[in-house]
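J.: 3D, please:
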Amino acid sequence: MARGVTLCTLEVPVGVSESLEAIGCNVVLEEEGRWVGVRSPFYWDVGFTKMTQVIMVREVEHLSSADLDVDLTWLQDNASSLDPSSLPRGFQKGIGVMAFYHAKTADPDAVARLSSKQKMAFASFFYPAGVVGGELKMLTSTPMWGAAYFGKFRWLAKKVLTGQGPEKEPISWMLPIVLGMCFGAPVLVFLFGGIASML
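T.: As a prediction, this is how the structure comes out:
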């Protein structure tokens, strides 16, 4: 894809491959209208967790709910083989699969799914988003389960689909908790140890 092309009336600053590489993805598939990138960041701010993210980007004339189902199945079937991390899933390790779309039009149920919470399996997430008719559609609320990651997912969607957003990935709200566990626990052990020695 050439730089500066207009996708569905939305001007994006770089091509899809470049936008995936800009967020640290290794582009593993590039074909007509479909790209797949893989990144595996270590999130020290989310309890020292590693999360492999498999991101599919598609350009379609019209997006249907069936398209989401087909892409989710492909992502789930291929995520493990594309995962560069040898850590077992669930052992401070998760997988996020994301489907991002540029579409001129879409069925109402497909648009609704782009803006809704998705079903999740063990230690994994599915996050779709899309630019439909020039308007960004994505889940903007934060579900309770996996809440620490959704600010990061929204950042990824905006960066890949529009090229907009902060330069760096946002820090999770879990950071104060992580810092408290790292530095608070030794202090408590020291205090309680001192008290116990005086009894």
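
J.: could you measure from Phe48 over to Tyr127?
T.: Distance, Phe48 to Tyr127, using C-beta to C-beta, to the nearest Å: 22 Å. For every residue, glycine as well, the C-beta is placed using N, CA and C.

J.: go on, Thr162?
T.: From Thr162 over to Tyr127 (counting by C-beta to C-beta), the distance is 16 Å.

J.: ok, now Leu136?
T.: Leu136 is 14 Å from Tyr127, by C-beta to C-beta.

J.: higher neighbour count, the two?
T.: Tyr127 (25 against 17; other C-beta atoms under 10 Å).

J.: tell me which helix or strand the more buried one sits in.
T.: Taking DSSP states H and E as the definition, Tyr127 sits inside strand 124-132.

J.: immediately after that strand, which helix or strand?
T.: By DSSP H and E, the next helix or strand past strand 124-132 is strand 135-138.

J.: now for the helix or strand following that following strand, which elements pack on it?
T.: Counting by DSSP H and E, the next helix or strand C-terminal to strand 135-138 is helix 147-162. Counting contacts by 3 or more C-beta pairs under 8 Å, 6 or more residues apart in numbering; DSSP states H and E, helix 147-162 is packed against helix 16-22, strand 49-63, strand 93-106, strand 124-132, strand 135-138.

J.: and Trp74, which of those is closest to it?
T.: Ranking the helices and strands packed on helix 147-162 by proximity to Trp74 (C-beta to C-beta) places strand 49-63 first, at 7.5 Å.

J.: and the angle for the closest one with strand 124-132?
T.: 40 degrees (axes from the mean of the first three to the mean of the last three C-alpha atoms, to 10 degrees).

J.: name every strand pairing with strand 49-63 and say which way it goes.
T.: strand 34-39 (antiparallel), strand 42-43 (antiparallel), strand 93-106 (parallel) (DSSP bridges).

J.: can you redo those as CSV with mean pLDDT?
T.: Formatted as CSV, those follow (pLDDT from 0 to 100):
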stretch, mean pLDDT
strand 34-39, 95
strand 42-43, 80
strand 93-106, 91
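
J.: of those strands, flag the one that's most buried.
T.: strand 93-106 (a mean of 22; mean count of other C-beta atoms under 10 Å).

J.: around the closest residue to Ser40 other than its chain neighbours, count how many other residues there are.
T.: Counting by C-beta to C-beta, 6 or more residues apart in numbering, Ser40 lies nearest to Thr52, which is 4.4 Å off, once chain neighbours are set aside. Here the number of neighbours of Thr52 (other C-beta under 10 Å) works out to 22.
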